[in-house]
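> please find the sequence and the predicted model below.
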Amino acid sequence: MTEVAWGVEAWSEVRASLDSCIKCTVCETACPVAAVTELFPGPKTVGPQAERFRSGGHSPDLSVDYCSGCGICSRVCPQGVRIAELNSRARSELKRERGAPLRDQLVARPGLLGRAGRPVAPLFNWAMANSLVRWAGERTLGIHRRAPVPRATTRTFSYWVGHHSGPKSARRVVYFHGCSTQWYEPHVGRKVTAILEHNGYQVVIPKQGCCGLPLQSNGLFPAARKAVTRLARQLVTGDASNLPVISSSTSCGLMLKREAREILGADSQELRSVSARTYDIFEFLLELHQRGELRTDFKPVPLTVAYHAPCQQQNQLIGKPALEILRLIPGLSLVELDRSCCGIAGTYGVKREKYDIAMRVGEPLFADIHSEGPDLVACDSETCRWQISAATGANSVHPLEILHRAYGGS
Amino acid sequence: MGTDAVVLGAGTAGMVAALRMAAAGASVLVLAEGEGGLPLAPAQIDVLGYRPQLVLDPLGELAGFLESRPDHPYRLVDQGEVAASLDWFLELAAPLGYTGSPRLNRLQPTAIGALRPTCLVPETMAAGDLSGGGSVLVVGLRGFRDFHAPLLAENLALAHPPSGAEVRARAVEVSLLGDPRDLRPQLLARSLEERAVLAELGREIRSRLEQEEVVAVPAVLGLERSREVWRGLQELVGRPVFEIPTPPPSQPGQRLQQHLFRALRRLGGEVRLGARATGYRAAGDRLAAVRVMTAARDVEIPADHFVLATGGIGTGGITAGPDGELREEVFGALVSRGGAPDQPLVEYMATQPLDRLGVEVDAQQRPLGRGGEALFENLWAAGAALAGAEPWREKSGEGISLATGFRAAGLAGEARA
């Protein structure tokens, strides 16, 4: 196994990668934001090029705030420069210098909105669909009136967990469900649990908080570090300290796998341990399948599904395991959408000043969805699903919902 | 379910090997630390341009060239197979309208107005062969700093094609997109896919056109719909139009890369970027798997056949340590100077010790170990990873990558049969 660096050493490696930049501009050609707006001059320009002006806690300009953090630049860089990670740090320095608006503080805490919405979910959902309320929200907070927002639910996922008793098994996994499953899409968590149990696993679901990703992408690093360190502690509770940790929220899984280490510079024994054994749900299922252990008692699913691999899923560098698993399902007609980014990038596209940029970034994807006209769009990331549905009107689901259906679930 | 072939490197050589193997029915996974040279290069296919005198018939002059350069990677591929690889590419790249013949070099202008020998070009550059002279209107775009039309036109007028014909050139600069201070090529390319912007460019050019036979524009005529944009502009202008490649980033290069990536996906293959190979597992004489870093840990990817197309020292396939030790990064294959001198030379532009650096291979393109034996029977090397070439001087880069990538796939196919 290749050892990965933690703490100061992890950041030093990221920082030192700057030296490898040969200014080839590959990242600038691949950047979906620079392609649609002049407000963002490109990852190389604001990163490896502007970094030299960032000594002594001074940011030369605001352009790095227009980086969406999709991470495509780091993935395409032939020299291994951690461009997105460097720019994420620069963005947090900018926020530290100039302060983060209340809006950023709010959207960075999905649990806050979820907690507020839960007791009054119908009212909350009505308000979020009300144009006057949304207009006011745009004027006062700067959340774009047409930006996708999740629907609140009265029953959280942990409520369901409290009433669920799954089969006991010697084969156990920990499920890291994330905030979206907890507050907005508890059905995703129920289906993950059902799929894992169907494959003979006992699913351990500890009480857990936010991974800190939205805090990180809004530049609020100290709070993000605290969140991810606490989460790691929660995930190793009890006798679950050596089990695989399964994530169904692809960007939150990436937080545990790499971003906490490379971007936040967070470090703890629990985090190191959890990080090394975190799996994307489909990465885990594909490994089962490769060992001949995945149950394939599939019922036909006579649907046309268009699959979009979100940026943070691609940044896990595990290929597209969801596609490989869905291909096993009889009757399913699967279309691979070959576009890089839907634009939303977590909370980027909900902001008043960035909404239009995000929509332009997603345009090619939306056009493909319109021309394919699928029954469903499948995508591993919740915010991308919300963006896709809001922009195209298509029904979007997590690919595991299709797998769940193939296993006979409803 | 399993992967038949793993290709390391997503540049021309890697993609060619991957595509040929996938077309033969193999399931192929391309792993690369990042994108290769494709999005930076002009997307013109060089085969052989100088030996050192100007080459007019690349295929015909290959044997003579190899006599003076016995260590050159072209020695690995016979002339028929070089031709076959180019024919195969022409068919593969037909949707981009590639044109040309390996028996005749074209002379296409560069961004500073030099005439450069190259072999195959996309349709959008086809009218740019100035071997027989011509009169050119060079159109610059204000605010686009990578294309200086007056400099280009002035140099072009000084160019002397061997035919003795005259090249006349005149520069104009037009404003587009409200004349911003700094126009980036990808934004220009995307904007020109909009009908209104293209119409504006067409009007501007037409109003400035005099007696010129052809119109040269920077290579920013669209990304996804370049042929449409190019045809549209030609209609608006009423003369043949051709693109001149700009310094990186290259829109034609991105078009070609996108085309190759998509072609592989259609054949069921996959390109996985951001994945650094960290090591391998051997089983006797065979390579069993490569190890690749994911976001959290490295994983093993087993396959039957492997192609090493990670490039040379410029792309990190080969590295030089502080002590001067040269190392091929994944397998520790034998690195050689490919016949270059072992001491630095003081003459201007002379070949230097590291100029031809690369991996040493046997006649079957299999990388050698330190002991001079093939490392593995199922690992082949291709492209800029190979020792012995100076593509920037010879204008041979794409030809080497095509021929050796094509052959690597052929050798893997034979081993499979």
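On my side now, so go ahead. The structure displayed is predicted, hence computed values, not measured ones.

> where do the strands of the stretch 101-250 of chain B begin and end?
Assigned by DSSP state E, counting those that start in this stretch, the stretch 101-250 of chain B shows strands spanning B:106-109, B:115-118, B:134-141, B:167-174, B:214-218, B:241-244.

> looking at those strands, which one is packed in the most?
Across those, averaging neighbours per residue (mean count of other Cβ atoms under 10 Å in any protein chain shown) puts strand B:241-244 on top, at a mean of 26. Backbone N, C-alpha and C define where each C-beta goes, glycine included.

> show me what counts as buried in whichever helix or strand comes after that strand.
Sequence-wise, the next helix or strand downstream of strand B:241-244 (DSSP states H and E) is helix B:251-266. Going by neighbour count (16 or more other Cβ atoms under 10 Å in any protein chain shown), the buried part of helix B:251-266 is B:251-261, B:263-264.

> so what's A:Q182 up against?
Shown in contact with A:Q182 (Cβ atoms under 8 Å, 6 or more residues apart in numbering or on different chains): A:G111, A:G114, A:T156, A:F157, A:S158, A:G189.

> which helix or which strand is home to it?
Counting by DSSP H and E, A:Q182 is part of helix A:178-183.

> circling back: same list, the strands of the stretch 101-250 of chain B, but as CSV with distance to B:L31 please.
Putting the strands of the stretch 101-250 of chain B into CSV (distance: least, Cβ to Cβ, whole Å) gives the following:
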stretch, distance to B:L31
strand B:106-109, 34
strand B:115-118, 30
strand B:134-141, 38
strand B:167-174, 44
strand B:214-218, 34
strand B:241-244, 32
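
> take those strands and write them to CSV, including distance to chain A.
Formatted as CSV, the strands of the stretch 101-250 of chain B follow (distance: least, Cβ to the nearest Cβ, whole Å):
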stretch, distance to chain A
strand B:106-109, 22
strand B:115-118, 20
strand B:134-141, 15
strand B:167-174, 19
strand B:214-218, 15
strand B:241-244, 16
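
> now those strands as JSON lines including distance to B:G316 and mean pLDDT?
JSON lines is the format used below for these (distance: least, Cβ to Cβ, whole Å; pLDDT from 0 to 100):
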{"stretch": "strand B:106-109", "distance to B:G316": "30", "mean pLDDT": "97"}
{"stretch": "strand B:115-118", "distance to B:G316": "26", "mean pLDDT": "97"}
{"stretch": "strand B:134-141", "distance to B:G316": "34", "mean pLDDT": "96"}
{"stretch": "strand B:167-174", "distance to B:G316": "39", "mean pLDDT": "96"}
{"stretch": "strand B:214-218", "distance to B:G316": "30", "mean pLDDT": "98"}
{"stretch": "strand B:241-244", "distance to B:G316": "30", "mean pLDDT": "98"}
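
> for the residue nearest to B:V299 when sequence neighbours are not counted, give me its contacts.
Using Cβ to Cβ, 6 or more residues apart in numbering or on different chains and skipping the chain neighbours, the partner closest in space to B:V299 is B:V292 (6.0 Å). Neighbour list for B:V292: A:L317, B:L31, B:A275, B:R276, B:A277, B:T278, B:D298, B:V299, B:E300, B:I301 [criterion: Cβ under 8 Å, 6+ apart].

> can you tell me the helix or strand for B:V292?
Element membership for B:V292, per DSSP H and E: strand B:286-293.

> pull the CA atoms of that strand into CSV?
Provided in CSV are the C-alpha atoms of strand B:286-293 (Å, rounded to 0.1, in the frame of the first residue of the first chain):
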residue,chain,number,x,y,z
ARG,B,286,4.0,-11.6,-16.9
LEU,B,287,2.7,-8.4,-15.6
ALA,B,288,-0.4,-9.3,-13.6
ALA,B,289,-1.7,-5.9,-12.4
VAL,B,290,-0.9,-2.3,-12.0
ARG,B,291,-1.5,-0.4,-8.8
VAL,B,292,-3.3,2.9,-9.0
MET,B,293,-4.0,5.6,-6.4
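
> give me the phi and psi angles of B:L386.
phi -80, psi 140 (degrees, to the nearest 10).

> contacts only, for it.
B:L386 makes contact with B:P73, B:L76, B:G338, B:G358, B:V359, B:V361, B:Q365, B:I400, B:T404, according to Cβ under 8 Å, 6+ apart.

> could you identify the most distant pair in these?
The distance between the two most remote of the contacts of B:L386 (Cβ to Cβ) is 14.4 Å, for B:G338 and B:Q365.

> of the contacts of B:V292, which is the most crowded?
B:A275 (26 neighbours; other Cβ atoms under 10 Å in any protein chain shown).

> ok, now how distant is that residue from A:G219?
28 Å (Cβ to Cβ, to the nearest Å).

> quick check: A:Y407 touching A:V301?
No - judged on Cβ atoms under 8 Å, A:Y407 makes no contact with A:V301 at a distance of 10.0 Å.

> mark which of the contacts of A:Q182 are buried, thanks.
The buried subset of those - by 16+ other Cβ under 10 Å - is A:G114, A:T156, A:F157, A:S158, A:G189.

> save these as a markdown table, and put in pLDDT, distance to B:M349 and secondary structure too.
Below are those laid out as a markdown table (pLDDT from 0 to 100; distance: Cβ to Cβ, whole Å; DSSP: H, G, I helix; E, B strand; the rest coil):
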| residue | pLDDT | distance to B:M349 | secondary structure |
| --- | --- | --- | --- |
| A:G114 | 83 | 66 | helix |
| A:T156 | 94 | 71 | coil |
| A:F157 | 96 | 68 | helix |
| A:S158 | 95 | 70 | helix |
| A:G189 | 98 | 65 | helix |
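
> show me the residues around the residue in the stretch 1-150 of chain B positioned nearest to chain A that make contact.
Scanning the stretch 1-150 of chain B for the residue nearest chain A gives B:G34, at 3.6 Å (criterion: Cβ to the nearest Cβ). Shown in contact with B:G34 (Cβ under 8 Å, 6+ apart): A:V26, A:R75, A:V76, A:C77, A:P78, A:Q79, A:G80, B:A10, B:L273, B:G274.

> those in helices, which ones?
Mapping the contacts of B:G34 onto helices (DSSP state H) picks out A:V26, A:R75, A:V76.

> list the buried residues for stretch A:359-377?
Buried residues in stretch A:359-377, defined by neighbour count with 16+ other Cβ under 10 Å: A:359-366, A:368-369, A:374, A:376-377.

> could you do stretch B:393-402 as well?
So, applying 16+ other Cβ under 10 Å, buried residues of stretch B:393-402: B:E394, B:K395, B:S396, B:G397, B:E398, B:G399, B:I400, B:S401, B:L402.

> please apply the same query to stretch A:160-180.
Buried, per 16+ other Cβ under 10 Å, within stretch A:160-180: A:V161, A:R172, A:V173, A:V174, A:Y175, A:F176, A:H177, A:G178, A:C179, A:S180.
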